[in-house]
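Engineer: coordinates only, sequence not included:
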């Protein structure tokens, strides 16, 4: 079993997600106490996919996150660098154009997608700034990015309780439901070390995105950032 470290070597992270692919969606549902379903709905509203639009879902894993865009009538490309995740996704959604790709070197031409989105995956990419630039590169002028990522609770007492859950309660729960519980220890540590909401917004602006804004979900445990590529 693989447990990635916080320097996020791509082969370690990919292997770690390969290990948890089979039960990944169930494990997320349990560990988030069902909140992940609500978060996906908010992402879908923010992306606002339309029929015939092209949407890139980066770090899509098994493409559970892609399904709202499919239902909206968009052409969706689920992309991930974990082949294990892609295999499970292809088995469940054989009609979808699953694509293996590294977030720092996306295998797409410039100006292809009307919308690009990544949910709970940006913090697992080794070079965040490069990933934001790559997402910008493959987006059409006038297109948009939506990033859903774990963040930092805004109310101090709640933040204390949440961080206690991450480091104390999450590992034993993961041992009960996951094929690789050590992976979830890494995920908890990566959440704690992730930049806060304003810092991520600044990183997006530095990568070229304009009209960057964010809103907090579940008290800031999760933040939804959005930006646009100038026409």
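Structural biologist: Great, that's in hand. Quick caveat: nothing in here was measured; it's all calculated off a predicted structure.

Engineer: going forward, measure contacts and count neighbours with C-alpha atoms only.
Structural biologist: OK.

Engineer: And the strands in the chain?
Structural biologist: 54-58, 75-80, 99-100, 113-119, 139-150, 210-217, 222-228 (DSSP state E).

Engineer: got any ranges where the protein has weak pLDDT?
Structural biologist: Scanning the chain for pLDDT under 70 picks out 1-14, 16-34, 157-158, 162, 164-184.

Engineer: which stretches of it form helices?
Structural biologist: For the chain, applying DSSP state H gives helices covering 10-20, 24-31, 35-47, 67-71, 83-92, 128-137, 156-164, 170-177, 181-192, 197-206.

Engineer: The last one vs helix 128-137, what angle?
Structural biologist: In this structure, helix 197-206 runs at an angle of 50 degrees to helix 128-137, with axes from the mean of the first three to the mean of the last three C-alpha atoms, to 10 degrees as the basis.

Engineer: in helix 197-206, what counts as buried?
Structural biologist: Residues 197, 200-201, 203-205 are the ones in helix 197-206 that count as buried (16 or more other C-alpha atoms under 10 Å).

Engineer: again, but for the longest one
Structural biologist: Of the residues in helix 35-47, those scored as buried under the neighbour-count criterion (16+ other C-alpha under 10 Å) are 36, 39-40, 43-44, 46-47.

Engineer: Could you single out the nearest of those residues to residue 190?
Structural biologist: residue 36 (17.7 Å; C-alpha to C-alpha).

Engineer: got the end-to-end distance for stretch 187-201?
Structural biologist: When the termini of stretch 187-201 are compared using C-alpha to C-alpha, to the nearest Å, they are 21 Å apart.

Engineer: Can you give me the distance of the spatially closest residue to residue 92 that is not a sequence neighbour to residue 124?
Structural biologist: Nearest residue to residue 92, sequence neighbours excluded (C-alpha to C-alpha, 6 or more residues apart in numbering): residue 62, at 7.9 Å. Between residue 62 and residue 124 the distance is 16 Å, computed by C-alpha to C-alpha.

Engineer: quick revisit: output the buried residues of helix 35-47 in TSV, with distance to residue 81 appended to each entry.
Structural biologist: Below are these laid out as TSV (distance: C-alpha to C-alpha, whole Å):
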residue	distance to residue 81
36	21
39	23
40	21
43	21
44	22
46	24
47	22
